[in-house]
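K.L.:
A structural model of the following input is requested.
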Amino acid sequence: MWQRFTLWYRAWDQEQLAVLACPALAEAMPAGYRRVFAIKLAQLSDVERQQLAHFSQHYTGRKALLPMAWMALAFSVAGLLLQLALAPDFPIGKALFGANAVGFTCVAIYVGAWFNYRQLDQRLLRVVVLTTLLTILGALLGVGISVLVSDHGLEAELQKIPRTIAIAGLGAITLLAAPMMLITAFRNRQFASLTATLQRDAEQDRLARALSETQLRLLRAQIEPHFLFNTLGAVQQLAEDGAPRAAGLTANLIAFLRASLDEMRSETVALADEFGLIDAYLRVMQVRLGARLRFTLVLPLALEHVRLPSMLLLTLVENAIKHGIEPALRGGEVTVCATQNGAMLSLQVVDTGIGLVDEVVEGTGLANARQRLALAHHGAARLVLAPREDGGTVAEITLPVGA
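P.N.:
Below you'll find the model as predicted:
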């Protein structure tokens, strides 16, 4: 019999924990009291379900035996002290039983009020009145049973009714009604405070995201004319030097602008599109610089669809041309490659130009690139400039592949 009860209780307990974790399971529970309880649990708020699940996991099965044993000991001591102080002739066994019955009833009601405070707040007065009346009725029922089994006679027992009603009513208000009201008020204030905190945090997150998006748009707005003005300046310079070469540069410029049009309006792009834009840009610059500029692009097939902030890598290529290749009399080579190392993506722009000077002052392009990386990847990405052993500069971006 006990084993059957234990199995039933464990199954019901697991069902309730499952519903607390996934409220949609409530409708799938067997009809009857199990579904009724499950639906009640599903109707709780997310915070209430989380708190109740935490409590149930810590005080269920054997985990609840030790706290219950301590409570039984405390109730027994209290009952014994009351019996000695108020009714020395009252049987000790009945005093211990009554103290534990009242104590565990109060604990059950307190726990119920703690986790049903929102529902209880809506009908608190009715619950308090009903609890008090039921306590008085229970006391009267006890008097009736005492009349049947006592040898003191009906008149003597009836004289105890006013005193019994007063004690039962006062006890119900003191031990049940007042604690329920305090628990309900405290828990509702706690819930209101928690709700306000969560709403405030959600609003701060929303504002932070909006600010980040606005900053990214402003940074892109700064970068777009930066590239366009530099490239148009190259066309103007070449047109002044010789019209035939200017025609070739114009054709390459048109290809570059077509490739960059969509990227300039997108927050992120695939690596394949970014490399296509870089190829168009380097062809423009190759017409201008001639044999002084050579370039190589290396993009593995597996990384073509990886996304990154738009025009970010192009900024490093433009920086390598402007500060590395153009100032070098012999020119140099630019190599752009992408590799993956575990969960991180490495993007390198290597030039064989004049290299880093002693005091490097970053311009708008690199400063914006760092800000965009910080905003888009929350500190998980970085941009590093370093000199090459054989001369030149290595600019490397590392960022999470799935970001």
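K.L.:
tell me how far stretch 317-324 is from the chain's mean position?
P.N.:
Put simply, stretch 317-324 sits 41 Å off its chain's centre (Cα atoms, centre = their mean, to the nearest Å).
K.L.:
oh, I was asking about stretch 70-83
P.N.:
Here stretch 70-83 shows a centroid-to-chain-centroid distance of 45 Å under the convention Cα atoms, centre = their mean.
K.L.:
Around Met203, how many other residues sit close by?
P.N.:
Slight slip there: residue 203 is Glu, not Met. Residues lying near Glu203 (other Cβ atoms under 10 Å) number 10. No exception for glycine: its C-beta is placed from N, CA and C like everyone else's.
K.L.:
same question, Ala272
P.N.:
Ala272 has 14 neighbouring residues, counting by other Cβ under 10 Å.
K.L.:
Show me where this structure has its helices.
P.N.:
2-21, 33-42, 46-58, 65-86, 92-115, 117-122, 124-149, 154-158, 161-172, 178-241, 243-263, 271-289, 312-320, 364-377 (DSSP state H).
K.L.:
State the mean pLDDT of the fifth one.
P.N.:
It stands for helix 92-115. The average pLDDT within helix 92-115 is 80.
K.L.:
Could you save the helices of the chain as CSV and add columns showing distance to Arg388?
P.N.:
Below are the helices of the chain laid out as CSV (distance: least, Cβ to Cβ, whole Å):
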stretch, distance to Arg388
helix 2-21, 56
helix 33-42, 64
helix 46-58, 55
helix 65-86, 68
helix 92-115, 66
helix 117-122, 66
helix 124-149, 76
helix 154-158, 105
helix 161-172, 86
helix 178-241, 24
helix 243-263, 27
helix 271-289, 19
helix 312-320, 11
helix 364-377, 17
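K.L.:
Give me the below-cutoff pLDDT ranges for the stretch 51-200 of the chain.
P.N.:
When residues are selected by pLDDT under 70, those of the stretch 51-200 of the chain lie in 61-62, 121, 124, 138-140, 142-161, 164, 168.
K.L.:
what pLDDT does Thr339 get?
P.N.:
Here, the pLDDT recorded for Thr339 equals 94.
K.L.:
still on that earlier bit, highest mean neighbour count out of the helices of the chain?
P.N.:
Of all the helices of the chain, helix 312-320 has the most neighbours on average by mean count of other Cβ atoms under 10 Å, namely a mean of 24.
K.L.:
what angle separates it from helix 364-377?
P.N.:
Calculated by axes from the mean of the first three to the mean of the last three Cα atoms, to 10 degrees, helix 312-320 forms an angle of 160 degrees with helix 364-377.
K.L.:
Report the mean per-residue pLDDT for helix 312-320.
P.N.:
88.
K.L.:
nearest spatial neighbour of Gly98, skipping sequence neighbours?
P.N.:
The shortest distance from Gly98 to any non-neighbouring residue, by Cβ to Cβ, 6 or more residues apart in numbering, is to Gly79 (6.4 Å).
K.L.:
quick one, what contacts the one you found?
P.N.:
Gly79 makes contact with Ala95, Leu96, Gly98, Ala99, Asn100, according to Cβ atoms under 8 Å, 6 or more residues apart in numbering.
K.L.:
Out of the residues you listed, which is nearest to Val306?
P.N.:
Taking Cβ to Cβ as the measure, Val306 lies nearest Asn100 of the contacts of Gly79, at 66.9 Å.
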